[in-house]
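Novice: Have a look; sequence and predicted model below, questions after that.
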Amino acid sequence: MPPVRISEEIRREKFRSGALIVFIAVLMARVVVAQTAPNSVIDSIPDVDYPDNQKAVALDATNVATSLLTTADEVLRLSPVEAQRGYPVNLRGVVTCVVQEHNAFIVQDETHAVFIVNASSESLPPMGELLEVEGKTDKGTFAPLIRTSRYADLGAGSLPEPIQPTRDQLMNGSLDDQWVEVHGIVEQAVVRPLGYGTNWSRIILRTTEGPLWIDVWLVGTNFANLTHYEDAIVRVRGCLFVALTLDTHQLDEGHVRMYVDSIGVDQPAPADEFSAQPRRAADLTLFNPEASVFQRVKVSGQIQYMIGQDYFMMDGTDGLRFTLRAPTKLHTGDLVDVVGYPELNGAAPHLRSAVARVVSGHVTLPKPRELSPDDLPNAMYDSTRVRIEGLLVSSRASPTNETFEIQSGSWRFIARVKQVKLAPPPLGSRLALIGVYAAQGGSPALDNNVAPFDLLIHSDADITVLSKPSWWTLPRLLIIVGALVCALAFLGLWVTQLHRQVEDRTAELAVQIQNRQRLEHQRAMEHERARIAQDLHDELGSGITEISMMTTVAGSLPAPKNGNLEEIGERARQMVTVLDEIVWAMNPKHDSLSSLVSYLCLYADRLLKLANIACQLKGTVNLPDRTVSSINRHEIFLAFKEAITNVIRHSGATEVRLGVRVVGRRLRLSIADNGRGLPPDVGARGRDGLTNMRERLAKMGGRFVVRSQRGRGTTVRFYMPLDDL
């Protein structure tokens, strides 16, 4: 072994022994006096953020493990809680990056790279130096770090061979702080973009696995003009940092940060962007042994539709999409040359980071291809101009366009109209739409009724209403049914209310009828009482007066001449008879028709026998069960009595025939005698018996008839109405 090598090893052994002695002394001093260092490791770097109540835990010697960590991999395997306990570290490695703004640097050994916060009084070491670092672990923002108490410069070292990371390694954070080299083509380079710090720039690098957004901190010497690297194939070398969202601690997809040491150019940018070999859109999907991710192609065609920096173009009958790298003034219908990097993972080829130039101004757009419902779910029509017929299912407005949902056969798709000047057609209209077929990326639609594409329409001039919907649409039908239901409900409530009103009114009328019947009954009773009083006054009053006069006369005559007493007795008997008649008329149990006929016949038989006149009864034996009011019974009796009395007094008859018969709804009562008949001048002689009988029958709604022949007798007929059953 050379002497220089031996002396170097001896020096290192002495350094380790001294470092161990110093470490033990420091540990014992912290047990006696904790946290007396003038430069607290807590305040040395703003990247460390843990709660204040955990600061003492991180520095308390009782929580510090006694095991010594000697590699970066051992430090990085600690959990945040374990790293915060402050494990002692002694490792050796090369400085790959110096982070001036945080007073920190990165050391990479054979296992990994680790972020080191310089908590010592020494200045930051230069990049490429070999160091031996002593310190303690701590919790970092993303991964564990080391807070160094001291480090020893072991001389110049050599930078490690950079890792060629895959996209997964770039995104999962496993290469945080590592020395890496990223290969790709610079699509865009911006020095100090808006919102970035003073020393930060941005590079959009297209790699073999897709575009990568890199925030770069330029620490080398070959970055005089960063935009000079655009369109060049380069190798970016430096320390890799994850792009972290501090609020959620989630990694930002497609985005990393690098402290860049150098950018090597493998292939400079072409002098003429449009010098690329022309290709047809259909040829981009064919086998090409010279194809490369970093090889740009040129395609000519006509612009069919544009959204911001994204364009749809047709090369003959084939569709193509492209995205401009920088804004360019283009219009629908322009013939253009487009140069970009092809991506073939979609339905149609897509040129990324493209540049375009107008070959010819606006030209009439090609005739759209007619698509039937069976042709709809076919990615071969992507980016082409098509015409589709369908029914308008729904429509809604968004800040950028009007969206129509269209049903064509068994498929549904979305039509997006950029410029809308007129009101949308009514739902259910059959439409013919002309636009650009835009196949959806990613997984196919889960619903088999939804076609995996959108139809991009420039304006409502490309929409033709073929037929409008029937007036009987489902919403209108629902409205009418709802209105009918409401009307029926209202009608039901109204009928219920009306029924209640009718019931209330019926109850009121029933009460009124009862009151009226009671009043009528009272009035009838009062009338009947008045009649009885009148009869008693007329009959009994006159009879009693006559008896009083006879008694006075009899008292003034001598005893042998008291013959008036017989007249008094006769008159008294007459009064008893009259009283019996009145009582019979008032008794309710005699209100039947049979009782009336029986009483009249008995009365006539008794009275005619006293006058020696024979009496015969002819007529119905079984009379109907009808009710006769007391008033009618009394009136018919008085008329009958008047007729019998006239027979006895004036007819000179020896025989009387009584006839009883029910004719329809009337009782016909006839009295026929065999007497001399009525004289011709009976009406002129002042006899009013016939008049009284006629008036009595008319009063009850009946009729009185007299038939008489001189010398052959007289027949009197009474027609009395019968009450309903």
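Specialist: The structure has been received and is ready for your questions. Numbering: from 1, shown residues only.
Novice: Give the other helices and strands that the longest strand that the chain contains contacts.
Specialist: Looking across the chain with DSSP state E, the single longest strand is strand 250-267. Using 3 or more CB pairs under 8 Å, 6 or more residues apart in numbering; DSSP states H and E, the elements in contact with strand 250-267 are strand 88-99, helix 167-172, strand 179-190, strand 210-218, strand 233-245. For glycine as for every other residue, the C-beta is placed from the backbone atoms N, C-alpha and C.
Novice: can you rerun that using 10 Å?
Specialist: Under the contact criterion of 3 or more CB pairs under 10 Å, 6 or more residues apart in numbering; DSSP states H and E, strand 250-267 touches strand 88-99, helix 167-172, strand 179-190, strand 200-207, strand 210-218, strand 233-245.
Novice: could you dump the ones you listed to a markdown table with mean pLDDT, mean neighbour count and distance to P366?
Specialist: Listed next are the helices and strands packed on strand 250-267 as a markdown table, based on pLDDT from 0 to 100; neighbours: other CB atoms under 10 Å; distance: least, CB to CB, whole Å:
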| stretch | mean pLDDT | mean neighbour count | distance to P366 |
| --- | --- | --- | --- |
| strand 88-99 | 93 | 22 | 56 |
| helix 167-172 | 88 | 16 | 39 |
| strand 179-190 | 89 | 21 | 31 |
| strand 200-207 | 87 | 20 | 32 |
| strand 210-218 | 87 | 19 | 32 |
| strand 233-245 | 88 | 21 | 37 |
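Novice: Strands of the stretch 301-450 of the chain, residue ranges please.
Specialist: Ranges of strands in the stretch 301-450 of the chain, per DSSP state E, counting those that start in this stretch, are 310-315, 318-324, 335-343, 350-360, 369-371, 385-397, 402-408, 411-419, 430-439, 450-459.
Novice: Tell me which of these approaches N225 most closely.
Specialist: Across these, N225 has its closest neighbour in strand 350-360 (19.3 Å, CB to CB).
Novice: Compute the inter-axis angle for the closest one and strand 200-207.
Specialist: Using axes from the mean of the first three to the mean of the last three CA atoms, to 10 degrees, the direction of strand 350-360 lies 100 degrees away from that of strand 200-207.
Novice: just to revisit the earlier point, JSON lines for the helices and strands packed on strand 250-267, including distance to G254?
Specialist: Below are these laid out as JSON lines (distance: least, CB to CB, whole Å):
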{"stretch": "strand 88-99", "distance to G254": "23"}
{"stretch": "helix 167-172", "distance to G254": "7"}
{"stretch": "strand 179-190", "distance to G254": "13"}
{"stretch": "strand 200-207", "distance to G254": "10"}
{"stretch": "strand 210-218", "distance to G254": "6"}
{"stretch": "strand 233-245", "distance to G254": "9"}
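Novice: out of these, nearest to A156?
Specialist: Here strand 88-99 is closest among those (CB to CB), at 9.3 Å.
Novice: lowest average confidence, helix or strand, in the chain?
Specialist: helix 55-59 (a mean of 37; mean pLDDT, DSSP states H and E).
Novice: going on from that one, what's the next piece of helix or strand?
Specialist: Downstream of helix 55-59, the next assigned helix or strand under DSSP states H and E is helix 72-76.
Novice: List the buried residues in that next one.
Specialist: By 16 or more other CB atoms under 10 Å, the buried positions in helix 72-76 come out as A72, E74, V75, L76.
Novice: Tell me the helices and strands packed up against the following helix or strand past it.
Specialist: As assigned by DSSP H and E, the chain's next helix or strand after helix 72-76 is helix 80-83. Other elements packing on helix 80-83 under the criterion 3+ CB pairs under 10 Å, 6+ apart are strand 129-138.
Novice: Partner strands of the strand it packs on and their direction?
Specialist: Looking at strand 129-138 with DSSP bridges, its partner strands are strand 88-99 (antiparallel), strand 145-156 (antiparallel).
Novice: between those strands, which gets nearest to Q514?
Specialist: strand 145-156 (107.0 Å).
Novice: quick one: buried residues of that closest one?
Specialist: Buried residues in strand 145-156 (16+ other CB under 10 Å): L145, I146, R147, T148, S149, R150, Y151, A152, L154.
Novice: Need the nearest residue in space to the fifth one, chain neighbours excluded.
Specialist: Closest residue to S149 in three dimensions, ignoring its sequence neighbours and counting by CB to CB, 6 or more residues apart in numbering: G135, at 5.2 Å.
Novice: Any idea what the one you found is bridged to?
Specialist: V89, T148.
Novice: Give me the pLDDT for it.
Specialist: At G135, the pLDDT value in this model is 93.
Novice: Now do the contacts for it.
Specialist: Residues near G135 by CB atoms under 10 Å, 6 or more residues apart in numbering: 41, 69, 75, 86-91, 116-120, 145-151.
Novice: circling back to that earlier point, okay, the strands of the stretch 301-450 of the chain, which one's buried deepest?
Specialist: Most buried of the strands of the stretch 301-450 of the chain by mean neighbour count (mean count of other CB atoms under 10 Å) is strand 318-324; its value is a mean of 24.
Novice: on that earlier part again, closest one of the buried residues of strand 145-156 to A432?
Specialist: Distance to A432, by CB to CB, is smallest for L145 among the buried residues of strand 145-156, at 65.8 Å.
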